[in-house]
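Student: give me a 3D structure for the following:
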Amino acid sequence: MKKTLTLILTILAFNVGAFSANNLFAEITIHGKVTSSTNQPFERADVWLNAGYGKEYLYPTQCDKDGFYKIILPDNFNQFRLVFSAVNHSQAEFRIAVLPNTSYEINATINPHYFKDLPDTIFVIGNFNNFSFEDEIIPMNKNEKGIYSATIRSENDTLAYIIFIKAQNEEDRGKSINGQNALFYKPNGNYDYISGYGYTSYVVNKTKNHNIVFDMNKFLTEYPEPELTSTSPAINELRQFNKMGQELYYETRDGIHSKMKSV
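Tutor: Sure, this is the predicted structure:
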(Lines give C-alpha, C1' and ligand atoms only; values in the text may rest on other atoms or scores of the structure.)
Protein backbone atom coordinates (compact mmCIF):
# COMPACT_ATOMS: atom_id res chain seq x y z
CA MET A 1 0.00 0.00 0.00
CA LYS A 2 2.84 2.35 0.96
CA LYS A 3 4.64 1.60 -2.33
CA THR A 4 1.45 2.27 -4.30
CA LEU A 5 0.87 5.59 -2.54
CA THR A 6 4.51 6.59 -3.11
CA LEU A 7 4.18 5.74 -6.81
CA ILE A 8 0.98 7.79 -7.14
CA LEU A 9 2.58 10.81 -5.41
CA THR A 10 5.65 10.50 -7.63
CA ILE A 11 3.50 10.46 -10.77
CA LEU A 12 1.48 13.45 -9.54
CA ALA A 13 4.64 15.38 -8.69
CA PHE A 14 6.06 14.61 -12.14
CA ASN A 15 2.89 15.75 -13.91
CA VAL A 16 2.66 18.94 -11.85
CA GLY A 17 6.32 19.65 -12.55
CA ALA A 18 5.86 19.04 -16.25
CA PHE A 19 2.75 21.26 -16.28
CA SER A 20 4.62 24.03 -14.48
CA ALA A 21 7.56 23.72 -16.84
CA ASN A 22 5.29 23.89 -19.88
CA ASN A 23 3.60 27.02 -18.52
CA LEU A 24 6.94 28.54 -17.55
CA PHE A 25 8.35 28.16 -21.07
CA ALA A 26 5.09 28.60 -22.99
CA GLU A 27 5.50 31.18 -25.71
CA ILE A 28 3.85 32.71 -28.73
CA THR A 29 5.72 32.79 -32.03
CA ILE A 30 4.82 35.25 -34.78
CA HIS A 31 6.68 35.02 -38.06
CA GLY A 32 6.14 35.96 -41.66
CA LYS A 33 7.27 38.20 -44.50
CA VAL A 34 6.97 41.92 -45.14
CA THR A 35 6.85 43.08 -48.77
CA SER A 36 6.47 46.39 -50.55
CA SER A 37 3.66 47.22 -52.98
CA THR A 38 6.42 47.92 -55.51
CA ASN A 39 7.78 44.35 -55.13
CA GLN A 40 11.21 45.92 -54.54
CA PRO A 41 13.44 44.90 -51.60
CA PHE A 42 13.50 47.18 -48.57
CA GLU A 43 16.55 49.19 -47.59
CA ARG A 44 15.44 48.34 -44.06
CA ALA A 45 12.20 46.96 -42.56
CA ASP A 46 11.18 46.42 -38.92
CA VAL A 47 8.34 44.81 -36.98
CA TRP A 48 7.28 45.39 -33.37
CA LEU A 49 4.29 45.30 -30.99
CA ASN A 50 2.19 48.22 -29.86
CA ALA A 51 0.38 47.26 -26.64
CA GLY A 52 -0.62 50.86 -25.83
CA TYR A 53 -0.48 52.69 -22.49
CA GLY A 54 3.22 53.46 -22.61
CA LYS A 55 4.08 50.14 -24.28
CA GLU A 56 4.06 51.26 -27.91
CA TYR A 57 7.44 49.79 -28.88
CA LEU A 58 7.83 46.19 -27.68
CA TYR A 59 9.90 43.27 -29.01
CA PRO A 60 11.28 45.13 -32.03
CA THR A 61 12.98 43.02 -34.67
CA GLN A 62 14.59 43.82 -37.99
CA CYS A 63 13.58 41.86 -41.08
CA ASP A 64 16.30 40.02 -43.00
CA LYS A 65 17.28 41.01 -46.53
CA ASP A 66 14.34 39.01 -47.96
CA GLY A 67 11.77 40.60 -45.63
CA PHE A 68 11.34 37.67 -43.22
CA TYR A 69 10.91 38.29 -39.49
CA LYS A 70 10.26 36.35 -36.29
CA ILE A 71 9.08 37.51 -32.86
CA ILE A 72 8.84 35.29 -29.77
CA LEU A 73 6.53 36.52 -27.00
CA PRO A 74 5.68 35.34 -23.50
CA ASP A 75 2.23 33.77 -23.31
CA ASN A 76 0.70 36.66 -21.32
CA PHE A 77 0.18 38.61 -24.55
CA ASN A 78 -3.24 38.15 -26.16
CA GLN A 79 -4.24 41.39 -27.93
CA PHE A 80 -2.00 44.06 -29.42
CA ARG A 81 -1.19 45.91 -32.61
CA LEU A 82 1.44 44.44 -34.89
CA VAL A 83 3.38 47.31 -36.50
CA PHE A 84 5.22 47.08 -39.82
CA SER A 85 7.66 49.79 -40.84
CA ALA A 86 10.24 50.31 -43.60
CA VAL A 87 12.48 53.08 -44.87
CA ASN A 88 10.52 55.51 -47.07
CA HIS A 89 7.32 53.50 -46.54
CA SER A 90 4.19 54.40 -44.61
CA GLN A 91 3.88 52.56 -41.34
CA ALA A 92 1.02 50.04 -41.07
CA GLU A 93 -0.62 48.72 -37.89
CA PHE A 94 -2.93 45.72 -37.57
CA ARG A 95 -4.87 44.65 -34.47
CA ILE A 96 -4.04 41.05 -33.56
CA ALA A 97 -5.42 38.53 -31.03
CA VAL A 98 -3.44 35.36 -30.27
CA LEU A 99 -3.55 32.26 -28.07
CA PRO A 100 -0.70 31.12 -25.78
CA ASN A 101 1.79 28.46 -26.85
CA THR A 102 0.87 28.93 -30.52
CA SER A 103 2.74 29.84 -33.69
CA TYR A 104 1.28 32.25 -36.26
CA GLU A 105 2.37 33.13 -39.77
CA ILE A 106 1.45 36.75 -40.49
CA ASN A 107 2.50 38.45 -43.73
CA ALA A 108 2.08 42.11 -44.62
CA THR A 109 2.33 44.33 -47.68
CA ILE A 110 3.04 48.02 -47.01
CA ASN A 111 3.15 51.05 -49.30
CA PRO A 112 5.81 53.62 -50.16
CA HIS A 113 5.17 57.16 -48.96
CA TYR A 114 2.72 58.99 -51.19
CA PHE A 115 2.74 62.72 -51.91
CA LYS A 116 0.01 64.37 -53.96
CA ASP A 117 2.38 66.92 -55.43
CA LEU A 118 6.02 67.90 -55.40
CA PRO A 119 6.41 69.71 -52.06
CA ASP A 120 7.05 73.43 -51.73
CA THR A 121 10.01 73.03 -49.40
CA ILE A 122 12.19 70.17 -48.20
CA PHE A 123 14.71 70.76 -45.44
CA VAL A 124 17.23 68.72 -43.47
CA ILE A 125 17.87 68.49 -39.73
CA GLY A 126 20.41 66.26 -38.02
CA ASN A 127 23.28 65.92 -35.62
CA PHE A 128 24.88 68.99 -37.20
CA ASN A 129 22.16 71.15 -35.55
CA ASN A 130 21.07 68.80 -32.72
CA PHE A 131 17.96 67.88 -34.73
CA SER A 132 16.57 71.38 -34.16
CA PHE A 133 13.70 72.81 -36.22
CA GLU A 134 14.95 76.35 -35.58
CA ASP A 135 18.77 76.44 -35.76
CA GLU A 136 20.74 75.97 -38.99
CA ILE A 137 18.00 74.20 -40.92
CA ILE A 138 19.34 73.23 -44.35
CA PRO A 139 16.93 73.67 -47.31
CA MET A 140 17.24 71.26 -50.24
CA ASN A 141 17.41 72.58 -53.80
CA LYS A 142 15.21 71.10 -56.54
CA ASN A 143 16.45 70.68 -60.10
CA GLU A 144 14.35 70.57 -63.28
CA LYS A 145 13.83 66.79 -62.89
CA GLY A 146 12.30 67.11 -59.40
CA ILE A 147 15.36 65.75 -57.61
CA TYR A 148 16.30 67.50 -54.37
CA SER A 149 19.84 67.83 -53.06
CA ALA A 150 21.88 69.59 -50.37
CA THR A 151 25.48 69.69 -49.22
CA ILE A 152 25.99 69.72 -45.46
CA ARG A 153 29.20 70.39 -43.58
CA SER A 154 29.46 68.54 -40.24
CA GLU A 155 32.01 68.44 -37.44
CA ASN A 156 32.71 64.73 -37.91
CA ASP A 157 32.74 62.27 -40.79
CA THR A 158 29.37 60.68 -39.85
CA LEU A 159 26.20 62.64 -40.54
CA ALA A 160 22.88 61.54 -39.02
CA TYR A 161 19.91 63.34 -40.56
CA ILE A 162 16.19 63.37 -41.34
CA ILE A 163 14.50 65.05 -44.30
CA PHE A 164 11.23 66.90 -43.61
CA ILE A 165 8.49 68.07 -45.91
CA LYS A 166 6.84 71.49 -45.84
CA ALA A 167 3.78 71.31 -48.10
CA GLN A 168 0.65 73.37 -48.62
CA ASN A 169 -1.72 70.41 -48.41
CA GLU A 170 -2.26 69.15 -44.87
CA GLU A 171 -1.83 65.45 -45.68
CA ASP A 172 1.78 65.88 -46.85
CA ARG A 173 2.82 68.51 -44.32
CA GLY A 174 5.31 67.39 -41.68
CA LYS A 175 6.11 64.00 -43.21
CA SER A 176 9.66 62.71 -42.80
CA ILE A 177 11.55 60.82 -45.49
CA ASN A 178 15.02 59.33 -45.84
CA GLY A 179 17.91 60.14 -48.13
CA GLN A 180 18.34 57.63 -50.92
CA ASN A 181 22.13 57.68 -50.77
CA ALA A 182 22.41 56.81 -47.06
CA LEU A 183 24.77 54.05 -46.01
CA PHE A 184 22.46 52.74 -43.30
CA TYR A 185 19.34 53.62 -41.30
CA LYS A 186 18.24 53.34 -37.69
CA PRO A 187 14.63 53.41 -36.46
CA ASN A 188 13.82 56.23 -34.08
CA GLY A 189 11.98 53.71 -31.90
CA ASN A 190 9.24 54.90 -29.59
CA TYR A 191 7.34 58.13 -30.12
CA ASP A 192 9.73 61.07 -29.97
CA TYR A 193 9.84 64.74 -30.82
CA ILE A 194 11.58 64.16 -34.12
CA SER A 195 9.42 62.02 -36.36
CA GLY A 196 7.38 59.44 -34.53
CA TYR A 197 8.28 55.98 -35.79
CA GLY A 198 10.49 57.21 -38.64
CA TYR A 199 14.10 56.43 -39.46
CA THR A 200 17.30 58.40 -39.22
CA SER A 201 19.64 58.25 -42.22
CA TYR A 202 23.42 58.01 -41.90
CA VAL A 203 26.16 58.93 -44.37
CA VAL A 204 29.93 58.85 -43.87
CA ASN A 205 32.43 61.09 -45.63
CA LYS A 206 35.98 61.69 -44.39
CA THR A 207 35.99 65.18 -45.92
CA LYS A 208 33.00 66.03 -43.64
CA ASN A 209 31.12 67.45 -46.65
CA HIS A 210 28.00 65.33 -47.08
CA ASN A 211 25.85 65.27 -50.22
CA ILE A 212 22.19 64.46 -49.56
CA VAL A 213 20.00 63.43 -52.52
CA PHE A 214 16.28 62.64 -52.72
CA ASP A 215 14.17 61.83 -55.80
CA MET A 216 10.59 62.79 -54.96
CA ASN A 217 9.27 61.48 -58.29
CA LYS A 218 9.36 57.95 -56.87
CA PHE A 219 6.67 58.86 -54.34
CA LEU A 220 3.95 60.36 -56.52
CA THR A 221 2.12 57.03 -57.07
CA GLU A 222 -0.78 56.10 -54.81
CA TYR A 223 -1.19 52.43 -53.86
CA PRO A 224 -4.12 50.45 -52.36
CA GLU A 225 -4.51 50.03 -48.62
CA PRO A 226 -1.80 47.95 -46.88
CA GLU A 227 -2.70 44.28 -46.56
CA LEU A 228 -2.27 41.58 -43.94
CA THR A 229 -2.64 37.87 -44.61
CA SER A 230 -2.28 34.91 -42.30
CA THR A 231 -2.46 31.12 -42.38
CA SER A 232 -4.47 31.34 -39.14
CA PRO A 233 -8.27 31.46 -39.62
CA ALA A 234 -8.63 33.19 -36.23
CA ILE A 235 -6.36 36.05 -37.31
CA ASN A 236 -8.27 36.51 -40.57
CA GLU A 237 -11.64 36.39 -38.77
CA LEU A 238 -10.48 39.05 -36.30
CA ARG A 239 -9.28 41.26 -39.16
CA GLN A 240 -12.70 40.92 -40.84
CA PHE A 241 -14.48 41.65 -37.54
CA ASN A 242 -12.39 44.78 -36.95
CA LYS A 243 -13.05 45.95 -40.50
CA MET A 244 -16.82 45.53 -40.03
CA GLY A 245 -16.64 47.37 -36.70
CA GLN A 246 -14.69 50.23 -38.26
CA GLU A 247 -17.17 50.53 -41.13
CA LEU A 248 -20.06 50.54 -38.64
CA TYR A 249 -18.33 53.24 -36.59
CA TYR A 250 -17.85 55.54 -39.60
CA GLU A 251 -21.40 54.88 -40.80
CA THR A 252 -22.81 55.76 -37.36
CA ARG A 253 -20.58 58.81 -37.01
CA ASP A 254 -21.50 60.16 -40.44
CA GLY A 255 -25.20 59.54 -39.72
CA ILE A 256 -25.00 61.50 -36.46
CA HIS A 257 -23.18 64.37 -38.18
CA SER A 258 -25.83 64.46 -40.92
CA LYS A 259 -28.64 64.66 -38.36
CA MET A 260 -26.84 67.43 -36.44
CA LYS A 261 -26.45 69.48 -39.61
CA SER A 262 -30.15 69.13 -40.45
CA VAL A 263 -31.29 70.40 -37.05
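
Student: quick one: the strands in the stretch 1-150 of the chain?
Tutor: Here the stretch 1-150 of the chain has its strands, by DSSP state E, counting those that start in this stretch, at 27-36, 45-50, 58-62, 68-74, 79-86, 92-97, 103-110, 121-126, 138-139, 141-142, 147-153.

Student: now do the domain split for the chain, please.
Tutor: Following automatic domain parsing, one finds the domains of the chain at 27-112+223-255, 121-219.

Student: could you pull out the helices in this protein for me?
Tutor: Using DSSP state H, the helices found in the chain span residues 2-24, 233-262.

Student: which residues of the stretch 151-263 of the chain score low on pLDDT?
Tutor: 167-174, 189-197, 233-263 (pLDDT under 70).

Student: go with 90
Tutor: Scanning the stretch 151-263 of the chain for pLDDT under 90 picks out the ranges 153-156, 162-182, 186-199, 205-209, 211, 213-221, 224-263.

Student: before we move on, back to that, in CSV, list the strands of the stretch 1-150 of the chain along with distance to Ile212.
Tutor: Heads up, the C-betas are built off the backbone N, CA and C, glycines and all. Putting those into CSV (distance: least, CB to CB, whole Å) gives the following:
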stretch, distance to Ile212
strand 27-36, 23
strand 45-50, 22
strand 58-62, 24
strand 68-74, 29
strand 79-86, 20
strand 92-97, 27
strand 103-110, 24
strand 121-126, 6
strand 138-139, 8
strand 141-142, 11
strand 147-153, 5
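
Student: of those strands, give the one that comes closest to Ser132.
Tutor: strand 121-126 (6.4 Å; CB to CB).

Student: give me the sheet partners of that closest one and which way each runs.
Tutor: Strand 121-126 sits in its sheet next to strand 138-139 (antiparallel), strand 158-166 (antiparallel), going by DSSP bridges.

Student: for those, which one ends up most surrounded?
Tutor: Mean neighbour count, computed with mean count of other CB atoms under 10 Å, is highest for strand 158-166 among these, reaching a mean of 20.
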